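Novice: Structure for the following, please:
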Amino acid sequence: MAGMHNALLGQKLGDLDGVLLLDLYTAFNSVAQSKSGSTPCCDTTDPNGHCGQEDGSGRAQYSVCDDPDSYFSWDYMHPTQAGWEAVMDQLRGPIQDFLASSRD
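Specialist: This next block holds a predicted model:
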């Protein structure tokens, strides 16, 4: 769905001056594939659970890593700060090129 959305958005906005389309989907996939097999920083013992889940007595049903800076994702959906930095590394060049060309 994200690929189709990006293609349609590109058709609508791609030729407009002063508009830069950033493809977060592709950037995230590129970084995530390069880190395949990595585990999230926060993990749960319950296959249907989520990070931050507690049992009825308030006991944590998850564990958190010691060094989030060495992990791409916080859980299976949300990137850590290090994850965002890796994605930004993918986007920095296109953003700088766009800003340089808009000054000309």
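Novice: Look at Gly30 and say how many residues are nearby.
Specialist: No Gly there; residue 30 is Ser. 13 (other Cβ atoms under 10 Å). (Glycine included, C-beta is placed from N, CA and C.)
Novice: What ranges does the chain have for its strands?
Specialist: Under the criterion DSSP state E, the chain contains strands at 42-44, 62-64.
Novice: possible to save those as a markdown table with distance to Leu16?
Specialist: Shown next, in a markdown table, are the strands of the chain (distance: least, Cβ to Cβ, whole Å):
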| stretch | distance to Leu16 |
| --- | --- |
| strand 42-44 | 40 |
| strand 62-64 | 43 |
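Novice: I'd assumed Leu13 was in contact with Leu21.
Specialist: Yes. Proximity of Leu21 to Leu13 meets the contact threshold set by Cβ atoms under 8 Å, at 6.2 Å.
Novice: got TSV for the strands of the chain, with mean neighbour count, mean pLDDT and distance to Phe72 too?
Specialist: TSV is the format used below for those (neighbours: other Cβ atoms under 10 Å; pLDDT from 0 to 100; distance: least, Cβ to Cβ, whole Å):
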stretch	mean neighbour count	mean pLDDT	distance to Phe72
strand 42-44	17	87	12
strand 62-64	14	89	15
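Novice: just so I know, which of these lies nearest Ala27?
Specialist: Among these, strand 42-44 comes nearest to Ala27, with 22.3 Å by Cβ to Cβ.
Novice: contacts for the closest one?
Specialist: The contact list for strand 42-44 (Cβ atoms under 8 Å, 6 or more residues apart in numbering) reads His50, Cys51, Gly52, Gln53, Gln61, Tyr62, Ser63, Val64, Cys65, Trp74, Asp75.
Novice: now the first one: how far from Gly83?
Specialist: Pointing back at His50 there. Applying Cβ to Cβ, to the nearest Å, the value for His50 to Gly83 is 18 Å.
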